[in-house]
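Visitor: Based on what follows, work out the 3D shape:
(one chain, ligands or ions: 2)
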Amino acid sequence: MKEIVVISGKGGTGKTSIVAGLAQFGPDKVLADCDVDAADLHLVLHPEIRETHEFWNGEEARIDPDLCTACGLCHEHCRFGAIEPGDPYRVKADHCEGCGVCAFVCPSGAAAMNLRMCGHWYRSDTRFGPMIHAALGIGQENSGKLVTTVRKAAHDLAEDKGLEMVLVDGSPGIGCPVIASLTNASAAVIVAEPTVSAFHDMRRVHELTAHFKIPAMAVLNKSDINPTMTGDMADFCEKTGIAVVGRIPYDLKFTQAQVRGLTAGEYDSGLEALLGDIWQNILHRV
Ligand code: SF4
Ligand code: SF4
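Guide: Ligands and ions are numbered 1, 2, ... in the order given. The predicted structure follows:
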């Protein structure tokens, strides 16, 4: 099974618009939105949710009111201000960092650690095929583990349905969720735009793909806004073995398509042809 992960060194380069635009082309595949901290592929693909699964990870404290003697030790030792005094004492769940100190110091066994529900993941259908996506709860951590959960579910679904490909909207940046998006992928497609920060981030994300020995390609988005820097980025790609599989000029139709809840290709036949060529270039390299 092939797994193509679309990434960007930073958010806002057009990564998700491009994933949505590529989703409409064959072969049949499972789509996976691994940008779980700020998922937005669903805004264009309008998935119909078939299954909802809870994502439990990490721990949070709870106080059993029947056991609490209101001694105050937990409040005294909690460095995060997550214990509210009273009789009984109470945990403010949105402040709790799950450090476990309160459970350690509590003399009566009233304070204890429990698994925390951090979000949900979904199996859905879209007009371009099945999709696995997720929503991390507000302020929750462990997004890397949720990314791993989404990728595994996408793999399992592709196997169940006999599909040969998973197309992943990866996380932005170079941190844990991106590493979780990339591990063991067949290829990475780096979406970058010709700005100083995006070029810098492209170099960082290339270090990541090189470290994990994942073949990398690049799509240079908004390539006409700074032709000199686009040329520098193309030179960098050539020197580092990154295949430039597409250049997309700045085009307001991407935004107009999103406002209407469409992919760029559905909205404009010229962009459909351009994205179709990019998709073929990607397929030839995986
Ligand atoms: S340490 Fe235990 S008994 Fe004391 S206030 Fe906290 S929960 Fe209650
Ligand atoms: S687990 Fe840590 S952060 Fe949470 S309430 Fe207990 S001491 Fe405070």
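
Visitor: State the next helix or strand along the chain beyond the worst-scoring helix or strand of the chain on mean pLDDT.
Guide: When each helix and strand of the chain is scored by mean pLDDT, DSSP states H and E, helix 176-182 comes last, with a mean of 81. Scanning forward in sequence from helix 176-182 by DSSP states H and E, the next helix or strand is strand 187-192.

Visitor: Quick one: list the elements packing against that next one.
Guide: Counting by 3 or more CB pairs under 8 Å, 6 or more residues apart in numbering; DSSP states H and E, the packing neighbours recorded for strand 187-192 are strand 2-8, helix 196-211, strand 216-221. For glycine as for every other residue, the C-beta is placed from the backbone atoms N, C-alpha and C.

Visitor: Give me the contacts around it.
Guide: Outside strand 187-192, the residues within contact range by CB atoms under 8 Å, 6 or more residues apart in numbering are 2, 4-9, 13-15, 18, 170, 182, 198-199, 201-202, 205-206, 209, 214-221, 233, 242, 245, 282, 285-286.

Visitor: mind checking how far it is from the chain centre?
Guide: 14 Å (CA atoms, centre = their mean, to the nearest Å).

Visitor: same deal with stretch 260-270?
Guide: The answer for stretch 260-270 is 23 Å, by CA atoms, centre = their mean.

Visitor: Going forward, the N-terminal residue is numbered 631.
Guide: Fine by me, first position is 631 from now on; the one you just mentioned is stretch 890-900.

Visitor: Identify the residues contacting the residue nearest the centre of the chain.
Guide: Of all residues in the chain, the one closest to the mean position by CA atoms, centre = their mean is residue 665, 1.6 Å from it. Listed by CB under 8 Å, 6+ apart, the contact partners of residue 665 are 645-646, 671, 799-802, 807.

Visitor: One more: residue 718?
Guide: 693, 695, 698, 700, 740.
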